[in-house]
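Novice: build the 3D model from these lines:
(3 chains)
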Amino acid sequence: MDDQPRLMHSTHGVGMAGHPGLAQHMQDGTGGADGEGRKQDIGDILQQIMTITDQSLDEAQARKHALNCHRMKPALFNVLCEIKEKTVLSIRGAQEEEPPDAQLMRLDNMLLAEGVSGPEKGGGSAAAAAAAAAAGGGGSDNSVEHSDYRAKLSQIRQIYHTELEKYEQACNEFTTHVMNLLREQSRTRPISPKEIERMVGIIHRKFSSIQMQLKQSTCEAVMILRSRFLDARRKRRNFNKQATEILNEYFYSHLSNPYPSEEAKEELGKKCSITVSQVSNWFGNKRIRYKKNIGKFQEEANMYAAKTAATATNVSTHGSQANSPSTPNSAGDSFLCDQPDATST
DNA sequence: CAAAATGATTTATA
DNA sequence: TATAAATCATTTTG
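Specialist: Numbers count the residues shown, from 1 in each chain, chains lettered A, B, ... in the order given. Presented below is the predicted three-dimensional model:
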């Protein structure tokens, strides 16, 4: 509360009172019978204007009143207006049109996408409970973690909104304060509405840069939260034995071309109770790891070859199973483009 | 506990 | 856009 007038003092109070040609100008206008006395008089007034904001509030109020009632005031004001008229050009030149900041837009978009700055759904902690209750039955394991995430997210959102509101309020408060101040001062020195507008713009820019910091750190918090809760690598579960079995069966029985079609992936996913993308992940990992070290997988390959052979023969003719577990190694593995060192033998 | 295994993500490529 | 390859973050194993 004490700081604000001082700020205004530093930005506006000094610049205009110290005009070099002022005293001379005044003297010319008044004919100069007792010029010395007037000069002194005007000097006093200017001095008072310059120091007015350094004084206590009551003192300043009294001083202002005295100034306003001073007989020289209208004339002095006119002169100040005249001087202002001449310098206003330089002010107009200093208008920089800022394009909407790309960084700020990115932050806004992200906050909106993460549901931080959007409309709040439910009532804070109630939202988490609702989310947990909504997804009953199936993936209960997943939804518990998810609700935890939502709870944390709504916490972040609440802090964000509280802070944002605080800044907004502070900004408005400060703006009205400055505007009142300027309006008041415009009785003593010339201030056009445009200048006030400009000042308000400056204040808003300052505050929005503060808001941007808030948005920045909120984004960081959300990112950390995401990586903590939503990154699937952090809560990886191995597939159950049966699923692995099914996938391996397919892989080794299609070893020459282990690239299941979209439909095949869907079917495998259904059989293994995993998603299609999990099937894709599995085959991607399997292909690269098989190719990288065929020797290590030889045993597994033989095993599954034997297994599929056995089931095949079981289905067709229940009798003979004397098929040797032919190693499906170099059986036209077109997916093995180049062979790295097949370590061990 | 260290190393191996493993599912998921990221990056590069055709 | 699907895949290869590298990498990450866990789980399993010895």
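Novice: touching, A:Arg228 and A:Lys235? I think so.
Specialist: No. Using CB atoms under 8 Å, A:Arg228 is not in contact with A:Lys235; the gap is 10.4 Å. Heads up, the C-betas are built off the backbone N, CA and C, glycines and all.
Novice: who are the neighbours in contact with the spatially closest residue to A:Lys84 that is not a sequence neighbour?
Specialist: Closest residue to A:Lys84 apart from its sequence neighbours, by CB to CB, 6 or more residues apart in numbering: A:Pro190 at 4.6 Å. Listed by CB atoms under 8 Å, 6 or more residues apart in numbering, the contact set of A:Pro190 reads A:77, A:80-81, A:84.
Novice: just put those in a markdown table and tack on secondary structure, neighbour count and pLDDT.
Specialist: Converted to a markdown table, the contacts of A:Pro190 look like this (DSSP: H, G, I helix; E, B strand; the rest coil; neighbours: other CB atoms under 10 Å; pLDDT from 0 to 100):
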| residue | secondary structure | neighbour count | pLDDT |
| --- | --- | --- | --- |
| A:Phe77 | helix | 15 | 84 |
| A:Leu80 | helix | 19 | 84 |
| A:Cys81 | helix | 12 | 83 |
| A:Lys84 | helix | 17 | 81 |
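Novice: per-residue pLDDT, the residue in chain A that DNA strand C sits nearest to?
Specialist: Going by CB to the nearest atom of the strand, DNA strand C is nearest to A:Arg234 of chain A, at 3.2 Å. According to the prediction, A:Arg234 has pLDDT 80.
Novice: just A:Glu245 next, same as before
Specialist: 96.
Novice: same deal with A:Met1?
Specialist: pLDDT at A:Met1 comes out at 43.
Novice: what parts of the stretch 201-345 of chain A come near DNA strand C?
Specialist: Residues of the stretch 201-345 of chain A lying close to DNA strand C (CB under 7 Å from any atom of the strand) are A:231, A:233-238, A:259, A:280, A:284-285, A:287-288, A:291, A:335, A:337.
Novice: do the stretch 51-200 of chain A as well
Specialist: Residues of the stretch 51-200 of chain A found near DNA strand C (CB under 7 Å from any atom of the strand): none.
Novice: shaky segments in the stretch 1-150 of chain A?
Specialist: Within the stretch 1-150 of chain A, the stretches with pLDDT under 70 are A:1-35, A:53, A:88-99, A:120-145.
Novice: count of residues packed around A:Glu168?
Specialist: 12 (other CB atoms under 10 Å).
Novice: gap between the helix or strand harbouring it and the chain center?
Specialist: Assigned by DSSP states H and E, A:Glu168 belongs to helix A:140-185. When distances are taken as CA atoms, centre = their mean, to the nearest Å, helix A:140-185 is centred 14 Å away from the chain's centroid.
Novice: over to stretch A:44-58?
Specialist: With CA atoms, centre = their mean, you get 45 Å for stretch A:44-58.
Novice: out of the residues of the stretch 201-345 of chain A next to DNA strand C, which end up buried?
Specialist: A:280, A:291 (16 or more other CB atoms under 10 Å).
Novice: now, which of the residues of the stretch 201-345 of chain A next to DNA strand C lie close to DNA strand B?
Specialist: A:231, A:233, A:236-238, A:284-285.
Novice: need those in CSV (columns: secondary structure).
Specialist: As requested, those are arranged in CSV below (DSSP: H, G, I helix; E, B strand; the rest coil):
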residue, secondary structure
A:Asp231, coil
A:Arg233, helix
A:Arg236, coil
A:Arg237, coil
A:Asn238, coil
A:Gly284, helix
A:Asn285, helix
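Novice: any idea which of those residues is closest to A:His161?
Specialist: The closest of those to A:His161 turns out to be A:Asp231 (CB to CB; 26.1 Å).
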